[in-house]
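1. Provided below are the primary sequence and the corresponding predicted coordinates.
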Number of protein chains: 2
Amino acid sequence: MFELFFATGNKHKILEINEILKESGLDIKLVPIRGNKIEIQAETLEEIVSYALKQLKKKGVNYVIVEDAGLFINYFKGFPGPYSHYVYKKIGNKGILKLMDGIKDRSAYFKSVIGLIINGNFKLFSGVAKGKIANEIRGRYGFGFDPIFIPEGYSKTFGELQVSMKNRLSHRGKSARKLAEYLRHFFV
Amino acid sequence: MFELFFATGNKHKILEINEILKESGLDIKLVPIRGNKIEIQAETLEEIVSYALKQLKKKGVNYVIVEDAGLFINYFKGFPGPYSHYVYKKIGNKGILKLMDGIKDRSAYFKSVIGLIINGNFKLFSGVAKGKIANEIRGRYGFGFDPIFIPEGYSKTFGELQVSMKNRLSHRGKSARKLAEYLRHFFV
């Protein structure tokens, strides 16, 4: 079993990505490391993840993943985007629903970018899930804005889906499957 | 005339701080430098400014100021805080007023933190302006959330005050006067 560091403090992310690695038949276990990830303020997840990788490499970490994700609401030019975690903590799902009140265009997407350092090299994997903002908070699974996001072609929110089902449709499911596909070259 | 670098792209900030330096009788001119400031995601302006100073010093910049400011709304646990610039661009004053709709506690404060590197040493100066969120957008001066912020004891918003008057009451006026006071030791 190979241990891959995951610079995160979010247990949901660990759960979701671990599940994908397991499904892919890879004998890799994610080991969370905290307090080592520097997140910059930037408009794109790619910039944030790349900067975090550079800082981790400087510290001598040679095998690690970093993940950043956000909810991008089209009407608000991508808000809350890279600041989703902060905005969620401060105004919550209720705040987003209030902002969306009376707005017809409820389209939005979740995006996930996973950054990997392996043998000292950098690699990015991204995944997008299109959908819309629900009219009310629904579901107790997932985390963050999951209970107000309805993926395209479905009627349930991410908050109403358990991990394995969410992984099939979600941004993080997509980026993690690309990661798993890439890691296969090294470990199989 | 001494030239002090100011790592910013915001002409309003340059104008406001220059005015304070002039009032203080200091023969210092701020020279904007762009693209050199790295802003991290953090809950406090102090952390953001300190990190930016560290990165600038690493690049060999020995005389520079950095300023970061934010509007902290008490009801929303400090939102938008350190992310004020981003949130302003995305949801604007209209978005904040919508979030505040029906909320009784409209108290908020602006905070500014100026970081200085002088002779290779770091120094922070902060200023706070207490007040409340207006019921509507008023005024064409200032920038960002100025038109929806009413300082304590006044009825006008920052957006209705010209630079010299805003400087008397504002967070940035306060932090800049502390900066000027400190610089006096070196230049007078």
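-> Perfect, I can see it now.
2. which parts of chain A sit against chain B?
-> With C-beta under 8 Å from any C-beta of the partner chain as the criterion, chain A comes near chain B at residues A:38-41, A:48, A:51, A:76-83, A:86-87, A:89-91, A:95, A:98-99, A:101. To be clear about C-beta, it is placed using only N, CA and C from the backbone, and glycine gets the same treatment.
3. low pLDDT regions in chain A?
-> Applying pLDDT under 70 to chain A picks out residues A:35-36, A:188.
4. picking up where we left off before, hmm, which of the residues of chain A next to chain B are the buried ones?
-> Among those, those classed as buried by 16 or more other C-beta atoms under 10 Å in any protein chain shown are A:38-41, A:48, A:51, A:76, A:78-83, A:86-87, A:90-91, A:95, A:98-99.
5. What is the end-to-end distance of stretch A:143-153?
-> By C-alpha to C-alpha, to the nearest Å, the extent of stretch A:143-153 from end to end equals 21 Å.
6. How far off centre is that stretch?
-> Put simply, stretch A:143-153 sits 13 Å off its chain's centre (C-alpha atoms, centre = their mean, to the nearest Å).
7. which stretches of chain A form strands?
-> For chain A, the strands defined by DSSP state E occupy A:2-7, A:28-33, A:64-73, A:80-81, A:107-118, A:121-133, A:149-151.
8. who wins for proximity to B:Ala108 among the ones you listed?
-> Each of the strands of chain A has some distance to B:Ala108 by C-beta to C-beta; the shortest is strand A:80-81, at 19.3 Å.
9. Sheet partners, orientation included, of the closest one?
-> strand A:64-73 (antiparallel) (DSSP bridges).
10. Tell me what angle the strand it pairs with forms with strand A:107-118.
-> With axes from the mean of the first three to the mean of the last three C-alpha atoms, to 10 degrees as the basis, strand A:64-73 and strand A:107-118 are set at 170 degrees to each other.
11. May I have strand A:64-73 as PDB, with CA atoms only?
-> Extracted in PDB, the C-alpha atoms of strand A:64-73 (Å, rounded to 0.1, in the frame of the first residue of the first chain):
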ATOM      1  CA  VAL A  64       1.200  14.900  -2.300                       C
ATOM      2  CA  ILE A  65      -2.100  15.900  -3.600                       C
ATOM      3  CA  VAL A  66      -3.900  19.200  -3.100                       C
ATOM      4  CA  GLU A  67      -7.500  19.900  -4.100                       C
ATOM      5  CA  ASP A  68      -9.400  23.100  -4.400                       C
ATOM      6  CA  ALA A  69     -13.000  23.400  -5.500                       C
ATOM      7  CA  GLY A  70     -15.700  26.000  -5.800                       C
ATOM      8  CA  LEU A  71     -19.200  26.800  -6.800                       C
ATOM      9  CA  PHE A  72     -19.400  29.200  -9.700                       C
ATOM     10  CA  ILE A  73     -22.700  31.000 -10.200                       C
END
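12. May I see the buried residues of stretch A:166-184?
-> Quick answer for stretch A:166-184 (16+ other C-beta under 10 Å): A:166-167, A:169-180, A:183.
13. same question but for stretch A:45-57, I mixed them up
-> If you call a residue buried by 16+ other C-beta under 10 Å, then stretch A:45-57 has these buried ones: A:Leu45, A:Glu46, A:Ile48, A:Val49, A:Ser50, A:Tyr51, A:Ala52, A:Leu53, A:Gln55, A:Leu56.
14. Could you pull out the helices in chain A for me?
-> All helices of chain A, identified by DSSP state H, fall at A:11-23, A:45-58, A:84-100, A:163-169, A:171-187.
15. Run through who's touching the second one.
-> Helix A:45-58 has contacts (C-beta atoms under 8 Å, 6 or more residues apart in numbering or on different chains) with A:7, A:36-40, A:42, A:64, A:66-70, A:81-82, A:111-117, A:120, A:122, A:124, A:126, B:38, B:41.
16. And for the residue lying closest to A:Asp27 once chain neighbours are set aside, the neighbour number?
-> Once flanking residues are discounted, A:Asp27 sits nearest to A:Met1: 5.1 Å by C-beta to C-beta, 6 or more residues apart in numbering or on different chains. Counted with other C-beta atoms under 10 Å in any protein chain shown, residues neighbouring A:Met1 total 6.
17. pretty sure A:Met1 is in contact with A:Ile28, am I right?
-> Yes - at 7.2 Å, A:Met1 and A:Ile28 qualify as touching, with contact defined as C-beta atoms under 8 Å.
18. And for chain A, the residue most distant from the center?
-> Most distant from the centre of chain A: A:Gly102, at 28.3 Å, with distances by C-alpha atoms, centre = their mean.
19. Leaving out the residues flanking it, which one is nearest to A:Asn135?
-> Of all residues not flanking A:Asn135 in the chain, A:Leu97 sits nearest, at 7.6 Å (C-beta to C-beta, 6+ apart).
20. er, A:Leu124 I mean
-> In this structure, A:Leu124 finds its nearest non-sequential neighbour in A:Gly115, 5.4 Å apart by C-beta to C-beta, 6+ apart.
21. which ones are touching that neighbour?
-> Contact analysis of A:Gly115 by C-beta under 8 Å, 6+ apart lists A:Val49, A:Ser50, A:Ala52, A:Leu53, A:Ile65, A:Val66, A:Glu67, A:Phe122, A:Lys123, A:Leu124.
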